[in-house]
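Student: Below are the sequence and a predicted model for it; my questions follow.
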Amino acid sequence: MAYKTPGVYVEETPRLPPSVAEVETAIPAFIGYTQNISYNGLPLLYKPTRIKSLKEYEEVFGFAENTVFSTAGATGLKINKRGNRFVTDGAITDPFSALKFRLYYSLQLFYANGGGPCYIASCGQTGAAVDPALADFEKAFDALQKEDEPTMLLMTDALTLTIDQYYGLYTSKGLAQAAFLKDRVVLVDLYIDAADKGIKSFADLATDFRTKIGVNNLSYGAAYYPWLRTTLPYALNEKLQPVVRGTGASAAEIPNNAVLRDDENPTASIYHVNSDLYNVIHKEISKFTIIAPPSPAVAGIYAYVDNTRGVWKAPANVSLNLVKEPMVKIDDEDQTDMNVTSTGKSVNAIRAFSGKGILVWGARTLAGNDNEWRYISVRRFFNMVEESVKKSTEPFVFEPNDGNTWSKVRGMIENFLTLQWRAGALQGAKPEEAFFVKVGLGETMTALDILEGRLIVEIGMAVVRPAEFIILRFSHKMVQTP
């Protein structure tokens, strides 16, 4: 600094070394249809938006689409009366087959299982006349590729697409994007037919899944099965729920143009006219709860484990909240082909255990036979370290490519990995057994590299892996005589 004016000058000399800041690891991006596609005059369509809570989602994106319950052949619930009992005129139609939009319910599951900040990528507006379209999802995936923060990708409303389109989105958009950016993973739900409500066995779904998911970029994805029956009720606007008079019921009990509840028009409101019938109807429709794909709940588990233990801990052996049961019960024999298969395309099970609840019982990537990338916790830990180091070394771009810079970079990364080792993420009795950082001429670079402006750092890490199989060996101890 050139001093030209008399006076006192203060100079600050940096003494502390630069450091690596750990990036966020549990920021999912949900792709689906929303009730609102604008907020405060600003567009939301294909504009990934960060939210922090379910309340914020409701304020910005709205709620679930209303469900109208009906009995066969009726517009609404047709009610008969037999003696003093009210009964529905035939079985109530299960709303599952007609449910096209699950994003709001997915957010409920995510937050109930430990979720936090996330991104919403709206690919369209919900509505009775709207059908999810392949092009909408593709545009939402493309928009998410420009976002730096998301670390997980999920689809919630693609079930009405064909099976080829469904798995094609995962491969050409989801897994391809994750492999290109190297900072996110994809949570995959197996495709199910709306008619069977997710009760097909894994054997019935496995061939289509493993064939259509392909072989590319499998280490960046993890699949979960089966779908889950939750405790979440269907969204119901009682003012829009018709109730139709059937045989045996009088006009006084079920008026014309009756709805379940309308406080502004009590003469047509079953709640006001006939409270006994209102309770009967509520009891019947409460039997129907949301059947959801497992990935939103699992995304919440990822966030919970990351926040309580660390991204290096396998997100498994953790119970799910708001879940009644898996739609298919799985035992050890059923899980054999899911977990270890010749194709390597592992699928993680959601299982019910007596006295424990509904547990995530697997932590494999789709590359289940790959020794390097078999476990999703290893993949995600590497993603975190790579992204953290990448961002923290950006200030060294255009710095002199000499020993002083190499020493700073090496020390910065070694300090960061030492902290990871102390937290339990890396194996080894001492840091040098857990990782190495190499940088310098003759070690990672040639003279030509330096002339052409390349500073090359090589990092190796011994990441802890889950004890997936615990083997207990017992033997008879022979009696020893004195």
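Tutor: That came through, no problem. Numbers count the residues shown, from 1 in each chain.
Student: So Asn404 belongs to a helix, correct?
Tutor: Yes. Asn404 sits within a helix when classified using DSSP: H, G, I helix; E, B strand; the rest coil.
Student: Who are the contact partners of it?
Tutor: Asn404 makes contact with no residue, according to C-beta atoms under 8 Å, 6 or more residues apart in numbering. Just so you know, the C-beta spots here come from the backbone N, C-alpha and C atoms, and that holds for glycine as well.
Student: And Phe86, by the same measure?
Tutor: Counted by C-beta under 8 Å, 6+ apart, Phe86 has contacts 79-80, 249, 276-277, 280.
Student: go with 10 Å
Tutor: Going by C-beta atoms under 10 Å, 6 or more residues apart in numbering, Phe86 touches 79-80, 246, 248-249, 253-254, 274, 276-281, 284.
Student: Separate out the buried members of these.
Tutor: Neighbour-count burial within these applies to 79-80, 246, 249, 253-254, 274, 277-278, 280-281, 284; the criterion is 16 or more other C-beta atoms under 10 Å.
Student: Sitting in strands, which of the residues you listed do you find?
Tutor: Within the buried ones among the contacts of Phe86, residues falling in strands by DSSP state E are 79-80.
Student: gap between the spatially most central residue of the chain and Ala26?
Tutor: Centrality entry for the chain: nearest residue to the mean C-alpha point is Ala299, 3.3 Å, by C-alpha atoms, centre = their mean. According to C-beta to C-beta, to the nearest Å, Ala299 stands 8 Å off from Ala26.
Student: got it, and Ile192?
Tutor: Distance of Ile192 to Ala26, computed by C-beta to C-beta: 26 Å.
Student: Ok, Ala251 next?
Tutor: Applying C-beta to C-beta to Ala251 and Ala26 gives a distance of 57 Å.
Student: ok, the two, which is more surrounded?
Tutor: Ala26 (23 against 10; other C-beta atoms under 10 Å).
Student: ok, that one - contacts?
Tutor: Contacts for Ala26 were tallied using C-beta under 10 Å, 6+ apart; they are 114-118, 151-152, 299-307, 311, 315, 380.
Student: Enumerate every residue touching Thr247.
Tutor: Thr247 touches 78-82, 89, counting by C-beta under 10 Å, 6+ apart.
Student: now do Trp227
Tutor: By C-beta under 10 Å, 6+ apart, the neighbours of Trp227 are 96, 159, 189-190, 192, 197-200, 291-295, 326-328, 350.
Student: In strands, which of these appear?
Tutor: Judged by DSSP E, the contacts of Trp227 include 189, 291-292, 326, 350 as members of strands.
Student: Just name the closest of those residues to Leu260, please.
Tutor: Leu260 has its nearest neighbour among the ones in strands among the contacts of Trp227 in Ile291, at 22.8 Å by C-beta to C-beta.
Student: Could you tell me how many residues sit around that closest one?
Tutor: When neighbours are counted by other C-beta under 10 Å, Ile291 registers 24.
Student: Equivalent analysis for Ser97, please.
Tutor: By other C-beta under 10 Å, neighbour count at Ser97 equals 11.
Student: And for the one 5 residues further on?
Tutor: Neighbour count for Arg102, taken as other C-beta under 10 Å: 24.
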